[in-house]
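Colleague: Next one to model:
(2 chains)
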Amino acid sequence: MDKILIMLAGLAAIAFIIWWFFGQHKVESAEATLDDNQQTIDIHVDGGYSPEHIVLKQGVPATLNFTRTDPSGCLDHVVFTDFGINQELPQGQKVSLKINTAQPGQYQWACGMDMFHGQITVE
Amino acid sequence: MQKLTTSRRFIIALIFSVPMLVKMVLMPFGFHLPGGTITEFGLTTIVMAVSAAPFLKSSWSSFKKHHSNMDTLVAIGTMTAYLYSIYAMTVGQPVFFEGAALVVTFILLGQVFEERMRKNASSAVEKLLDLQAKNAIVIRDGQEVTIPLGQVVTGDLIKVLPGQKIAVDGTIVDGQSTVDESMVTGESMAVEKRAGDAVIGATINTNGSFVFKADKIGEETMLSQIVEMVKKAQTSRAPIQNLTDRVSSIFVPVVLILAIATFLIWYVFLGSALSTALVFAISILVIACPCALGLATPTALMVGTGLSAKHCILIKNGEVLEAVNQVKTVIFDKTGTITVGQPVVTDVIGPETKIMTLAGQLEKNSEHPLAIAVLDYAEKLGLNNQESAKNFAAIEGQGVTGEVNGQTVFVGNTRLLAERQIDPDLQKKMQELQAEAKTVVLVGEAERVIGLIAIQDAPKASSKKAIADLKARGLKTVMLTGDNQLVAEAIADQVGIDQVIAEVMPNNKADHVLAFQQEGAVAFVGDGINDAPALSTASVGIAMGSGTDVAIESGDIILVKNDLQDVATAIELSAKIFNRIKLNLFWAFIYNVLGIPVATGLFYGIGFILSPELAGLAMAFSSLSVVTSSLLLNRTRLKTLTAKKSVA
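Modeller: Below is the predicted model:
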């Protein structure tokens, strides 16, 4: 009887993992705040990036402020391959990165180990 | 607790898990920890609370975002071991607290090393910027003031004293000197500079002093541009990395499922003890950490492009590395790539001093490219300070005549022969030189030709060796040129090129590259504006650093030293880096591929199992071996480079 219960619990756990990680979930998205021909946005780095999807206006200089509170070494760098940025994020410090918004399009960023991802849309 | 560094967390974990390690080793000899299970519980609780807490925190934050990472595996694995052991302790069953504590310790050990090495790998390029001058002497309101580099603005007049570094890119307005530009151009000879000449920031002024106007500052300087280019290459991905991206995003959930399934199979179907089934599940979670997989490509790319930069070869992106490996044919532009790019005197037939003196006196005021070649050569012989000829007269399309010491003298091309005489010997010599595609200049006194000067855009000293290196690698070499067949073939013979395509219109170069590309990947080496389309078309575009901005922008690889031998070096380096990435991926995968089946208990029947603490050690080693393997790239010996040294 115990074994059947454990079996069911195990299968339920597997089903939950599949739904939780592979199901369609809403991605946290945000637009940068415009101020005096300058757009800025704060990104909180904790188990991933929040927001994970950022919308920027084309042609307006943009600053992304990353603050990492997550102790994981996995997130200690942020890499923008399109802009040649590979920036260290010391834990608990705000790090500002300037992004070139001249070209509209989709740009990816990732953590140093390429496990976590974020996306910028310039439009 | 937030502020604990990885190394502190490791040290704490180590101190509190060592007693348990000792117990594990000495258990067969009847050794037990004083206090027994309770002591183990205490020690492990400290390790979990202090050293492992960040793993838990991080995996919980990412779990909330529907993400998972390697911390998820470590956290679930160690927490399961810890919580089960507490349960087992209360019901008096065997515990494995040490498993949880040791896994945390080993994983942290791996991370400490990894952090150190990643710092080593990324610092190489930034060092290039240290080459910059720190201060500049700027003339403002007629006063000389020394200001930090950052305060220099475009248009500033900057004074450079002997031995000083030039602050930024600019143009000399006053004074003259020789400048050592080797750090940017690789040219070992110092270059003479006078008013109107461009100077490059971070190069070193040698003997004179001068004032120059700052044209480009900050991020616009050549040095910053080079650093920027290298950085972009280092962060760009090699296409092979796409595979690891796909794998790592589904990897962790799949491993979790696999661990649960293994547990269920052992416990429910095979009827083993709860503790045994749990050990298998925990080992899977620990061995599966994909951290090494993520490190494999970026670390090799970083070390590799940094190493290339040290050899003055700039690799613009990771994609090109894969392309270089496929290259079958290397196509060269002729002028400025294989050859020097300007005509030089190659032979003088007849009494050299007399001929060069006369030619120098006659050509002194000419701007013609051939005249410049003659004057350069005369200067080399020390014959440039003679006074110029009198009664100077140009004969349209033929040459010039003048008077030296009361004698009529002339210099010109073969059309002058119509009215003048030449010895049969010289005539024969002239035809031989022409057959070698050299331009022949006649030098005469009175109405007789007394000597010949042969002029050619000669191959660079290193071209022949460079082509031989490429051929030794089994590559086909081709030369594309707008010059006529005769000239092209003569040069090709001198340097040993396989195939010549001459009389190519500038806008057709890319078409020829495309045609070769049908048979296999092509590397194109060029420097001119007209080479830019071919550079972009070719699978791999290799631009000479002395080339035009357009060419450099279009190329994938830039040879800063303009040395053609670097083509072979670049190809060899790219192959090395690419192979290292493949080797790294192999190492990263092999730990997981071999470890996971063992961890599931597949080989339990033959007594071969993987305990959680061994799995932790294996994971630490897998990250370490990948990063070490990348750093070892720095020590690889390059065939082409060693050969070059022995020649010099």
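
Colleague: Torsion angles phi and psi at the closest residue to chain B within chain A?
Modeller: Residue of chain A nearest chain B, by CB to the nearest CB: A:Gly47 (2.6 Å). For glycine as for every other residue, the C-beta is placed from the backbone atoms N, C-alpha and C. Main-chain torsions, A:Gly47, degrees, to the nearest 10: phi 60, psi 30.

Colleague: The one 3 residues further on too?
Modeller: When quoted as degrees, to the nearest 10, the phi and psi of A:Ser50 stand at phi -130, psi 120.

Colleague: For it, give the beta-bridge partners.
Modeller: Counting by DSSP bridges, A:Ser50 forms beta bridges with A:His44.

Colleague: Now do it: how many residues are near it, please.
Modeller: Applying other CB atoms under 10 Å in any protein chain shown, we find 18 residues neighbouring A:Ser50.

Colleague: Could you do B:Val327 as well?
Modeller: Using other CB under 10 Å: B:Val327 sits among 21 other residues.

Colleague: Dig out what it forms beta bridges with.
Modeller: B:Ala521.

Colleague: Can you tell me the closest non-neighbouring residue to the residue of chain A closest to chain B?
Modeller: Closest residue in space to A:Gly47, ignoring its immediate chain neighbours: B:Ser61 at 2.6 Å, by CB to CB, 6 or more residues apart in numbering or on different chains.

Colleague: With B:His67 instead?
Modeller: A:Gly48 (4.8 Å).

Colleague: quick one: contacts for that neighbour?
Modeller: Contact analysis of A:Gly48 by CB atoms under 8 Å, 6 or more residues apart in numbering or on different chains lists A:116, B:61-62, B:65, B:67.

Colleague: Write a ChimeraX command that selects only the buried members of those.
Modeller: The ChimeraX selection below is limited to those of the contacts of A:Gly48 classed as buried (16 or more other CB atoms under 10 Å in any protein chain shown):
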select /A:116 /B:61,62,65,67
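
Colleague: Arrange the contacts of A:Gly48 in CSV, one row each, with pLDDT, secondary structure and distance to B:Phe55 as further columns.
Modeller: Shown next, in CSV, are the contacts of A:Gly48 (pLDDT from 0 to 100; DSSP: H, G, I helix; E, B strand; the rest coil; distance: CB to CB, whole Å):
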residue, pLDDT, secondary structure, distance to B:Phe55
A:Phe116, 80, coil, 16
B:Ser61, 83, helix, 11
B:Ser62, 80, helix, 11
B:Lys65, 80, coil, 16
B:His67, 79, coil, 15
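
Colleague: Is it correct that the residue of chain A closest to chain B is in contact with B:Pro54?
Modeller: No: between A:Gly47 and B:Pro54 there is no contact under CB atoms under 8 Å: 11.3 Å.

Colleague: Overlap of the contact sets of those two?
Modeller: Both A:Gly47 and B:Pro54 are in contact with A:Ser72, where contact means CB under 8 Å, 6+ apart.

Colleague: between those two, who's got more neighbours?
Modeller: The neighbour comparison of A:Gly47 against B:Pro54 (other CB under 10 Å) goes to A:Gly47, with 26 against 22.

Colleague: Just the pLDDT for the more buried one.
Modeller: A:Gly47 is assigned 80 on the pLDDT scale.

Colleague: for it, what are its contacts?
Modeller: A:Gly47 touches A:70, A:72, B:58-65, B:67, B:69, counting by CB under 8 Å, 6+ apart.

Colleague: In chain B, what residue comes closest to chain A?
Modeller: Residue nearest to chain A within chain B: B:Ser61 (2.6 Å; CB to the nearest CB).

Colleague: shouldn't that residue be in contact with A:Cys74?
Modeller: No: assessed by CB under 8 Å, B:Ser61 is found out of contact with A:Cys74, at 11.4 Å.

Colleague: Which residue ranges of chain A form helices?
Modeller: Using DSSP state H, the helices of chain A run over A:2-17.

Colleague: For it, give me the ranges with low pLDDT.
Modeller: Applying pLDDT under 70 to chain A flags residues A:113.

Colleague: Next, the contact list for the spatially most central residue of chain A, please.
Modeller: In chain A, the C-alpha nearest the mean C-alpha coordinate belongs to A:Tyr49, at 3.0 Å (CA atoms, centre = their mean). The neighbours of A:Tyr49, taking CB under 8 Å, 6+ apart as the test, are A:43, A:109, A:116, A:118.

Colleague: Run a quick neighbour tally on B:Glu322.
Modeller: Neighbour tally, B:Glu322, other CB under 10 Å: 18.

Colleague: Just the element for it, please.
Modeller: Using DSSP states H and E, B:Glu322 maps to helix B:319-324.

Colleague: Please point out which parts of that helix sit buried.
Modeller: Residues of helix B:319-324 classed as buried by neighbour count (16+ other CB under 10 Å): B:319-324.

Colleague: would you put the C-alpha positions of that helix in CSV?
Modeller: What follows is helix B:319-324 as a C-alpha-only set of coordinates in CSV (Å, rounded to 0.1, in the frame of the first residue of the first chain):
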residue,chain,number,x,y,z
GLU,B,319,31.6,31.7,-36.0
VAL,B,320,34.7,32.2,-38.1
LEU,B,321,36.6,29.5,-36.2
GLU,B,322,34.3,26.8,-37.4
ALA,B,323,34.5,28.2,-41.0
VAL,B,324,38.3,28.2,-41.0
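
Colleague: B:Val411: what's it in contact with?
Modeller: Applying CB under 8 Å, 6+ apart, we find B:Val411 in contact with B:358-359, B:362-363, B:374, B:399-400, B:441-444.

Colleague: Out of those residues, list just those in helices.
Modeller: Counted as lying in helices by DSSP H, out of the contacts of B:Val411, are B:358-359, B:362-363, B:374.

Colleague: could you check whether the helix holding B:Glu322 is close to chain A?
Modeller: No: judged by CB under 8 Å from any CB of the partner chain, helix B:319-324 stays clear of chain A, getting no closer than 10.8 Å.

Colleague: which helices and strands does that helix pack with?
Modeller: strand B:540-544, helix B:565-599 (3 or more CB pairs under 8 Å, 6 or more residues apart in numbering or on different chains; DSSP states H and E).

Colleague: start to end distance for stretch B:370-389?
Modeller: 18 Å (CA to CA, to the nearest Å).

Colleague: OK, contacts around residue 62?
Modeller: No chain specified, so I'll use chain A. A:32, A:38-41, A:56, A:98-99, A:101 are the contacts of A:Ala62 under CB under 8 Å, 6+ apart.

Colleague: was after chain B, sorry
Modeller: So B:Ser62 contacts A:47-48, A:116, B:68-69, B:71-72 (CB under 8 Å, 6+ apart).

Colleague: mind listing the helices for the stretch 101-250 of chain B?
Modeller: All helices of the stretch 101-250 of chain B, identified by DSSP state H, counting those that start in this stretch, fall at B:182-185, B:222-235, B:241-264.

Colleague: average model confidence for the last one?
Modeller: Taken as a whole, helix B:241-264 carries a mean pLDDT of 78.

Colleague: just checking, next helix/strand downstream of it?
Modeller: Using DSSP H and E, the helix or strand that follows helix B:241-264 in sequence is helix B:274-287.

Colleague: and that next one, does that touch chain A?
Modeller: No: residues of helix B:274-287 contacting chain A under CB under 8 Å from any CB: none, with a closest distance of 8.9 Å.

Colleague: If you count contacts, what does the helix or strand following that helix end up packed against?
Modeller: Where DSSP H and E defines the elements, the next helix or strand beyond helix B:274-287 is helix B:291-310. With contacts taken as 3+ CB pairs under 8 Å, 6+ apart, helix B:291-310 sits against helix B:97-129, helix B:222-235, helix B:241-264, strand B:313-315, helix B:565-599, helix B:612-631.

Colleague: In JSON lines: these, plus mean neighbour count.
Modeller: Formatted as JSON lines, the helices and strands packed on helix B:291-310 follow (neighbours: other CB atoms under 10 Å in any protein chain shown):
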{"stretch": "helix B:97-129", "mean neighbour count": "22"}
{"stretch": "helix B:222-235", "mean neighbour count": "21"}
{"stretch": "helix B:241-264", "mean neighbour count": "19"}
{"stretch": "strand B:313-315", "mean neighbour count": "25"}
{"stretch": "helix B:565-599", "mean neighbour count": "21"}
{"stretch": "helix B:612-631", "mean neighbour count": "23"}
